[in-house]
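Asker: Predicted coordinates and the sequence they were generated for:
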Amino acid sequence: MGDFGRNELGFMGTSCQRIQQLARDIIKNLCANYHLAYVDADHKEGDRLMAGEGEENSLMKYPGTRELRDKIVYKRLDINQSNTSIFDQRQWLVKQDLVLVNANHFPSKCQVLIIDPDKSLEKKLDRLTDVQLILLKGEVKDIPDLVKNHIKGVESVPCYHLDDTPKITEFIRKWMKSRIPPVYGLVLAGGKSTRMRKDKSSLEYHGKNQREHTMELLEPYADAVFLSCSQEQGLEFKRKYPIIRDKVLGLGPFGGLISAFMEKPDVAWLALACDLPFLTKKTLDFLVAHRNPSKLATAFLDPKGEFPEPLITLWEPRAYPVLYQFLSQGYSCPRKVLINSDIELLNAPDPSEFKNINFPEEYREAAAALRKDLKSEH
């Protein structure tokens, strides 16, 4: 794919104004048969033919057309698509923390009801399905009986004056904080361990196998902890541990992560690889303390300070559709998702804890070092 799509034609060699005119003519002539898009940078006002200003020059009069305009300080996407669905809308706004809706025209999951003496509510009561806040306009001092009789438990709904912006803002801030998704733990143990020639999750460094050790390490930070495993491993592990079997096969940790989101799409997944015997509570404390739910994920830089480390990462629910977007373009590397997404990137308190163990000789060395550390503590 190109930077914008599977099929791209770039026009160059003449003025931007002439290219804009040519693109507009092509779209006009082909929009009945194809869904077309035009991509351009911003230009001076006199050189702007299709930037969405003015009916005559706007591309939005051609059905199925999209225009992506780089406005220097932001990018703007205009869409002419009559058959859009809620699924399209969710995709457009998937990265937003909060969507504010004019509920006079569109339904919304939760509502803020404004009591306006100049507006009747009789025909709108059926839209009040989950009122979170009531605002009084002008001289209104009380909630009308019409609303009291319709909204069960209305007396417990916060009520402010419409002009009290600080209180409204603080309410929304607290409301958003209360909706931060819970954290579940995921131990990634579904690999084939080809280089180790033995299941790495069965190795012991701390008096128990790494499956159990890592699950116990996650417990203080998660409402529930699951073992991510292959279909074959699931037959062996299902009576021993809470498991999530791979539903998307052959994709390694990426498939394990997607499979976890398929089970629980509305939680954040704190995912750890099972081959990190040096990992301690100190690192996880730091990760969770610096969690940013407004980002796609909270992750550490790798020990070299070059790239995000995807296998000690807290993935927010918004990562679920993004993972599928990358997969649909042929990418199944969780690190690539982190590199190309808006994430909270941290410097680890002790990057040496990220050392993963892949070969038998590494296992022997790591086990000996951890035994030595244990003895020195005592």
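Answerer: Cool, the structure landed.
Asker: isn't Leu36 right up against Ile27?
Answerer: Yes - counting by CB atoms under 8 Å, Leu36 does reach Ile27; the two are 4.9 Å apart. The C-beta positions use only the backbone N, C-alpha and C, and glycine is treated the same way.
Asker: list the residues that contact both of the two?
Answerer: Tyr62, Thr65 (CB atoms under 8 Å, 6 or more residues apart in numbering).
Asker: so where is the stretch 51-200 of the chain shaky, pLDDT-wise?
Answerer: Flagging of the stretch 51-200 of the chain using pLDDT under 70 yields the residue ranges 51-57, 190-194, 196-197.
Asker: where along it do the helices fall?
Answerer: Secondary structure of the stretch 51-200 of the chain (DSSP state H, counting those that start in this stretch): helices at 86-92, 145-150, 165-178.
Asker: go on, the stretch 201-350 of the chain?
Answerer: Along the stretch 201-350 of the chain, the segments classed as helices by DSSP H, counting those that start in this stretch run 210-218, 231-237, 252-263, 281-289, 319-328, 334-339.
Asker: residues touching Lys336, list them.
Answerer: Here Lys336 is in contact with Phe326 (criterion: CB under 8 Å, 6+ apart).
Asker: now with 10 Å?
Answerer: Phe254, Phe307, Pro308, Pro310, Phe326 (CB atoms under 10 Å, 6 or more residues apart in numbering).
Asker: Check Arg291 too.
Answerer: Ile180, Val183, Tyr221, Ala268, Leu270, Ala297, Thr298, Leu314, Glu316, Glu344, Leu346.
Asker: Adding neighbour count and distance to Pro117, write those residues out as CSV.
Answerer: Conversion of the contacts of Arg291 to CSV gives the following (neighbours: other CB atoms under 10 Å; distance: CB to CB, whole Å):
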residue, neighbour count, distance to Pro117
Ile180, 12, 37
Val183, 21, 46
Tyr221, 18, 50
Ala268, 22, 44
Leu270, 23, 50
Ala297, 26, 47
Thr298, 23, 47
Leu314, 25, 48
Glu316, 23, 42
Glu344, 19, 46
Leu346, 19, 52
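Asker: a markdown table for the residues you listed, including distance to Met12?
Answerer: As requested, the contacts of Arg291 are exported to a markdown table (distance: CB to CB, whole Å):
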| residue | distance to Met12 |
| --- | --- |
| Ile180 | 47 |
| Val183 | 50 |
| Tyr221 | 53 |
| Ala268 | 45 |
| Leu270 | 48 |
| Ala297 | 38 |
| Thr298 | 42 |
| Leu314 | 44 |
| Glu316 | 40 |
| Glu344 | 39 |
| Leu346 | 42 |
